[in-house]
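[1] I'll drop the sequence and a predicted model, then ask my questions.
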Amino acid sequence: MIRALVITVSNRASAGVYADKSGPLLVSLLGEAGCDVSGPVVVPDGDPVEVALRDGVAGGYDVIVTTGGTGLTPMDLTPEITARVISREIPGIAEAIRQANREKVPTSILSRGMAGQAGNTLIVNLPGSSGGVRDGVAVLAPILQHAVEQIRGGDHPR
């Protein structure tokens, strides 16, 4: 079973201004996709994201999925923080997530989320909206098992 960690990146939710909605949704959807899910861990954007990501990698999670912090505002720093943690970028995942449901949500292409590998952990940034989480998991669910197996050194199916 794939061990997954959900991290919600939100300055306001982490400060208690409002309840985190995208994190619990992401936990539920990853659980439906067959993952054993921990979280959501709710952190403000910036350096706390790096701490949470590194803790998750050190904790041996197969997959860490973040929600939030991928937009264009000056406070949206999650992609830059993720870049500090990963050793290899996997651009196809992020591009597929941006393209999912683009006809209905043209602004989805403004997400700057990234995906990559840190040690034996796949890290994927999703937008902070419920719709962005749903669209992102729709892209991730069919590829997660294969991606995790590949990161662990597995061969391609024959």
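    Right, received. Where do you want to start?
[2] so where's the protein uncertain?
    Residues of the chain that meet the criterion pLDDT under 70 lie in 156-158.
[3] Nearest residue to the most centrally placed residue in it in space, please, no chain neighbours.
    Central residue check for the chain by CA atoms, centre = their mean: the C-alpha nearest the mean position is that of residue 65, 2.5 Å away. Excluding the flanking residues, the one nearest residue 65 by CB to CB, 6 or more residues apart in numbering is residue 124, at 5.0 Å. The way it works is simple: take the backbone N, C-alpha and C, and place the C-beta from them, glycine included.
[4] Go ahead and confirm the one you found touches residue 136.
    Yes: applying CB atoms under 8 Å, one finds residue 124 in contact with residue 136, separated by 7.2 Å.
[5] still on that earlier bit, work out the sheet partners of the one helix or strand the residue nearest to the centre of the chain maps to and label each with its direction, please.
    Mapping residue 65 onto the secondary structure by DSSP states H and E places it in strand 63-67. The strands that strand 63-67 pairs with in its sheet are strand 2-9 (parallel), strand 121-126 (parallel) (by DSSP bridges).
[6] ranges for the strands of the protein?
    In chain order, the chain shows strands spanning 2-9, 35-43, 63-67, 88-89, 115-118, 121-126, with DSSP state E as the criterion.
[7] quick revisit: now for the residue nearest to the centre of the chain: which residues touch it?
    4, 5, 6, 7, 26, 30, 123, 124, 125, 126, 136, 140 (CB atoms under 8 Å, 6 or more residues apart in numbering).
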